[in-house]
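K.L.:
Whatever this is, show me its structure:
(one chain, ligands or ions: 3)
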Amino acid sequence: MLTSTHWGVYDVHVENGEIARVTPFEHDPDPSPIGQSLLGTVTGPARVRRPAVRKSWLERGAGASTEKRGCEPFVEVSWDEALELVSKELKRVTTRFGNSSIFAGSYGWSSAGRFHHAQSQVHRFMNSIGGYVAHVGTYSLGAARTLLPRILTDMDAMRAQHTPWVELEKHCQFMVAFGGIPSKNAQVNGGGASRHETRPALKRLAAAGVRFVNISPLRHDLGDAPGAEWIPIRPNTDAAFMLAIAHTLIAEGLHDRAFLARYCVGFDELSRYVMGEHDGVAKSAEWASTICEVAAATILTLARRMAANRTVVNVAWALQRGDHGEQPYWLGITLACLLGQVGTKGGGFALAYGPVNAEGANGSTFSGPVLPQGQNAVKTPIPVARIADMLENPGAEYDFNGKRCTYPDIRLIYWAGGNPFHHHQDLNRFIGAWRKPETIVVNEQYWNANAKMADIVLPATTMLERDDIGSASRDRYMIAMKRAIPPVGESRDDYEIFTALSERLGTKETFTEGRSSAAWLRHLYDVSRERAQKFDIRLPPFEAFWSEGLVELPLPDEPAVMMKAYRDDPDANRLPTPSGKIEIFSSTIHSFGYDDCRGHPAWYEPREWLGSPLAKRYPLHLISHQPSTRLHSQYDHGSVSLASKIQGREALTMHPVDAAARAIEAGEVVRVYNDRGACLAGVIVDDAVRPGVVVLPTGAWYDPLVPGEIGTLDKHGNPNVLTLDKGTSKLTQGCSAHTCLVEVEKFEGALPPVTAFDLPQFVKR
Ligand SMILES: Nc1nc2c(c(=O)[nH]1)N[C@H]1C(S)=C(S)[C@@H](COP(=O)(O)OP(=O)(O)OC[C@H]3O[C@@H](n4cnc5c(=O)[nH]c(N)nc54)[C@H](O)[C@@H]3O)O[C@H]1N2
Ligand SMILES: Nc1nc2c(c(=O)[nH]1)N[C@H]1C(S)=C(S)[C@@H](COP(=O)(O)OP(=O)(O)OC[C@H]3O[C@@H](n4cnc5c(=O)[nH]c(N)nc54)[C@H](O)[C@@H]3O)O[C@H]1N2
Ligand SMILES: [Mo]
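P.N.:
Ligands and ions are numbered 1, 2, ... in the order given. Okay, the predicted model is just below:
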């Protein structure tokens with residue numbers, strides 16, 4: 001039976017009602033091992049099996065002892081009782097405070113199946129009962145999604161144009177990759193990754209003579225491109241590095257004046273800044289070398305090579321997930337404009353190859369079923385990563401993308417398909433903010449911190465327990481995901497849960513439109529089948545698709561070339577910016593008057609970085625990047641993730657010099673700390689990371705020494721007890737996770753056991 005996950009398609013073999021084996025999809029040239037983590041987890045002990053309610057909430061109702069979230073026992077209840085409690089509470093809150101007091105932005109990746117996509121389900125449900133406070137943007141692309149439409153085009157429109165590997169192989173000569181092209185990340189793709197292409201492609205490109213440069217604190221970020229050169233830049237200083245390349249190109253007359261004049265606005269403003277006419281500081285290679293700790297000669301040589309070759313400037317999403325994350329994105333595009341190769345096969349910019357499998361895949365931009373979410377009557381969404389600000393400051397004003405906005409007053413939170421105790425920064429601050437709402441309801445599959453920190457937990461099925469369709473833009477196969485096993489425990493599909501709640505709230509017809517899940521699946525398929533015709537794709541009828549188990553989508557007639565249409569005819573294909581051109585200077589952004597994001601890209605010191613005074617106390621920059629052994633927190637309790645732990649803790653990589661200076665040896669457990677918090681981690685010593693930088697992947701399930709307490713030690717290695725919770729700028733308010741300084745010391749004393757995967761305490765009423 002095929003199933004699709006965000007990290008690949010697998011054949012799931014069931015024997016005696018148990019998952020016996022998981023084998024890779026036969027058409028996948030480079031399957032991800034993460035699929036093996038389904039074994040033993042889906043039917044394992046960490047599943048939420050019955051509805052459960054936090055004891056004080058059950059006894060005393062909404063708002064009872066919210067400081068006890070995370071440390072109090074749960075009482076298991078029947079579905080009938082749980083649904084009655086939740087529906088009554090929704091009625092109370094909406095009647096008394098209005099729908100704008102419900103936060104159900106519910107950010108998160110959920111599962112790959114498109115109908116049972118939990119985030120879509122909860123949004124649809126909330127819209128059907130009068131709306132909710134939503135989120136805009138993502139943790140992935142917070143700065144980019146808001147910036148790009150102002151200077152280039154919509155992020156998704158741009159993403160769909162990425163020149164595929166097959167073309168780069170023929171035309172690209174030089175790949176300059178900021179943040180590398182980490183194939184650990186390309187294991188993943190939202191909605192599915194049926195054919196993993198990135199790792200084999202990097203090898204083919206290298207064999208075809210493409211030279212790679214990895215500008216990153218971590219050598220492994222281009223570990224799969226044979227012969228890649230490594231420039232170990234100081235984290236969060238890429239904007240300075242890029243400005244110095246611009247300076248070199250301009251000073252040496254290597255920039256393409258004709259391209260800049262025809263396709264861009266604002267070169268003169270940028271040039272004045274770069275040459276130091278504003279502030280008397282030329283943004284030269286010499287200038288950048290002290291900020292980035294990269295030799296000036298290295299920057300000069302790189303700039304000249306970029307001009308002499310057919311060059312792609314690739315900027316990993318990670319670079320905009322830091323304070324002032326707009327700047328390296330704006331500058332990456334600007335560098336490609338200076339080189340004048342935007343719109344050519346094999347040149348220009350990419351944003352980015354590496355984060356997911358889709359970029360570089362030569363696939364159709366068609367994607368299959370989407371559950372319609374309806375209309376939201378509440379018009380006060382927040383930028384997704386500003387949740388703690390919102391909870392702490394109801395009624396407060398903040399800047400966002402040219403507007404003054406006001407935080408709503410949240411009384412109830414409903415989450416399905418995401419894990420804020422995985423994804424949000426500064427978890428100790430967040431735990432305090434999380435105490436503000438009167439009620440927190442989650443639909444969860446596993447007893448992770450998301451479930452343990454809630455008041456009411458409703459057990460949700462996994463993709464192996466329901467029928468669904470897996471599909472993603474530029475992915476080659478659409479997958480019929482057939483139920484492999486019955487629901488575990490008393491778990492129910494999110495759709496069933498919301499149907500039952502709607503029934504109690506009198507909105508069932510609006511939510512279900514009279515369809516069962518089977519009817520929805522067929523309906524959504526039929527709608528997408530019709531839409532496919534616009535892409536010249538003929539999909540088989542539903543029955544044929546379902547019995548075949550998959551459908552292969554045809555390749556596009558012509559592979560995409562990033563920005564080619566614009567290059568070919570900039571008048572007929574004006575960009576959706578005010579000037580219709582690429583905006584190196586944006587008069588709109590300039591008009592907002594923000595001190596942290598002016599009208600042209602520039603260097604701003606991040607809140608904390610290795611060049612800041614804080615580095616005296618916390619001399620190590622923490623990179624909390626995506627984990628290679630799982631998707632975020634999903635399947636951290638699976639075999640693949642567990643095998644990578646050291647003494648049960650998440651592995652932290654540090655440079656031999658930094659380890660020796662602290663008398664730390666590989667395999668030991670350390671305490672990683674700063675003013676915001678502390679966690680334990682197991683140590684890997686490796687010179688693949690730059691001195692002064694430590695790397696601790698995200699996703700270890702939050703595991704407090706004293707549950708529920710603010711500031712307690714995390715025993716397991718969740719980097720978000722350390723990270724900075726600050727908007728990237730007033731313009732974009734994205735997440736700044738990669739901006740974080742820490743210190744590391746050997747952990748002395750008795751090692752507390754990891755309890756992250758244990759069940760909470762249950763008591764009888
Ligand atoms: N420090 C740091 N933090 C980061 C980042 C970083 O780089 N550094 N990256 C950020 C980024 S880019 C992202 S996208 C976020 C990711 O953050 P999330 O998307 O919130 O992380 P996941 O672990 O994927 O959370 C999915 C949750 O949904 C549950 N789930 C899965 N399927 C279903 C389902 O069908 N129904 C229900 N009800 N639940 C389901 C899972 O059990 C899990 O708890 O993290 C962000 N956080
Ligand atoms: N296996 C796996 N793959 C995933 C995910 C997962 O959880 N697991 N999550 C997916 C998601 S939701 C997303 S959004 C994408 C994210 O994709 P990215 O945002 O690109 O991923 P990261 O792993 O955070 O960062 C990539 C690399 O950037 C480097 N880096 C960090 N900060 C800096 C900096 O300041 N300068 C430079 N030059 N380099 C820096 C780090 O060394 C890091 O390894 O990944 C996706 N892919
Ligand atoms: Mo993401």
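
K.L.:
C-alpha from now on. contacts and neighbour counts both.
P.N.:
OK.

K.L.:
Which residues of the stretch 201-350 of the chain lie near ligand 2?
P.N.:
Residues of the stretch 201-350 of the chain found near ligand 2 (Cα under 6 Å from any ligand atom) are Ile215, Ser216, Pro217, Leu218, Asp221, Pro235, Asn236, Asp238, Ala316, Trp317, Ala318, Leu319.

K.L.:
The chain now?
P.N.:
Neighbours of ligand 2 within the chain, by Cα under 6 Å from any ligand atom: 140, 178-179, 184-188, 215-218, 221, 235-236, 238, 316-319, 355-356, 623, 625-632, 738.

K.L.:
Quick one: neighbours of the residue nearest to Phe762 when sequence neighbours are not counted, just the number.
P.N.:
What sits nearest to Phe762 in space, not counting adjacent residues and going by Cα to Cα, 6 or more residues apart in numbering, is Phe74, at 4.8 Å. Residues near Phe74, counting by other Cα atoms under 10 Å, number 26.

K.L.:
these two touch, right, Phe74 and Arg54?
P.N.:
Yes: assessed by Cα atoms under 8 Å, Phe74 is found in contact with Arg54 at 4.4 Å.

K.L.:
Show the contacting residues for the most centrally placed residue in the chain.
P.N.:
In the chain, the centroid-proximal residue (Cα atoms, centre = their mean) is Ser140; its distance is 3.3 Å. Neighbouring residues of Ser140 by Cα atoms under 8 Å, 6 or more residues apart in numbering: Trp317, Ala318, Arg321.

K.L.:
how close does Thr406 get to Pro576?
P.N.:
Separation of Thr406 from Pro576 (Cα to Cα, to the nearest Å) stands at 28 Å.

K.L.:
From the residues of the stretch 201-350 of the chain next to ligand 2, pick the one nearest ligand 1.
P.N.:
Using Cα to the nearest ligand atom, Ala318 is the member of those that lies nearest ligand 1, at 6.7 Å.

K.L.:
Apart from its chain neighbours, what residue comes closest to the closest one?
P.N.:
Gly179 (6.9 Å).

K.L.:
ok, that neighbour touching His220?
P.N.:
No: the pair formed by Gly179 and His220 falls short of the contact definition of Cα under 8 Å, at 9.9 Å.

K.L.:
Settle it for me: which of these two has more neighbours?
P.N.:
When Gly179 and His220 are compared for neighbours, Gly179 comes out ahead with 29 against 19, by other Cα under 10 Å.

K.L.:
tell me the contacts of the more buried one?
P.N.:
Asn214, Ile215, Ser216, Pro217, Asp221, Val315, Ala316, Ala318, Leu319.

K.L.:
Now do the strands in the stretch 201-350 of the chain.
P.N.:
All strands of the stretch 201-350 of the chain, identified by DSSP state E, counting those that start in this stretch, fall at 211-215, 229-231, 264-265, 311-315, 348-350.

K.L.:
Next: the stretch 351-500 of the chain.
P.N.:
382-383, 397-400, 403-406, 412-416, 439-444, 456-459, 468-470, 477-481.

K.L.:
hmm, who's touching the fifth one?
P.N.:
It refers to strand 439-444. Applying Cα under 8 Å, 6+ apart, the contact partners of strand 439-444 are 48, 62-63, 86, 411-417, 450-451, 454-460, 494.

K.L.:
Name every strand pairing with that strand and say which way it goes.
P.N.:
Strand 439-444 sits in its sheet next to strand 412-416 (parallel), strand 456-459 (parallel), going by DSSP bridges.

K.L.:
got those as JSON lines, with distance to ligand 1 columns?
P.N.:
JSON lines is the format used below for the strands paired with strand 439-444 (distance: least, Cα to the nearest ligand atom, whole Å):
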{"stretch": "strand 412-416", "distance to ligand 1": "4"}
{"stretch": "strand 456-459", "distance to ligand 1": "8"}
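
K.L.:
so who does Ser271 touch?
P.N.:
By Cα under 8 Å, 6+ apart, the neighbours of Ser271 are His247, Ile250.

K.L.:
ok, now the one 4 residues further on?
P.N.:
Contacts of Met275 were listed using Cα under 8 Å, 6+ apart, and they are His247, Val281, Ala282, Lys283, Ser284.

K.L.:
what ranges of the stretch 151-300 of the chain fall below the confidence cut-off?
P.N.:
Of all residues in the stretch 151-300 of the chain, none has pLDDT under 70.
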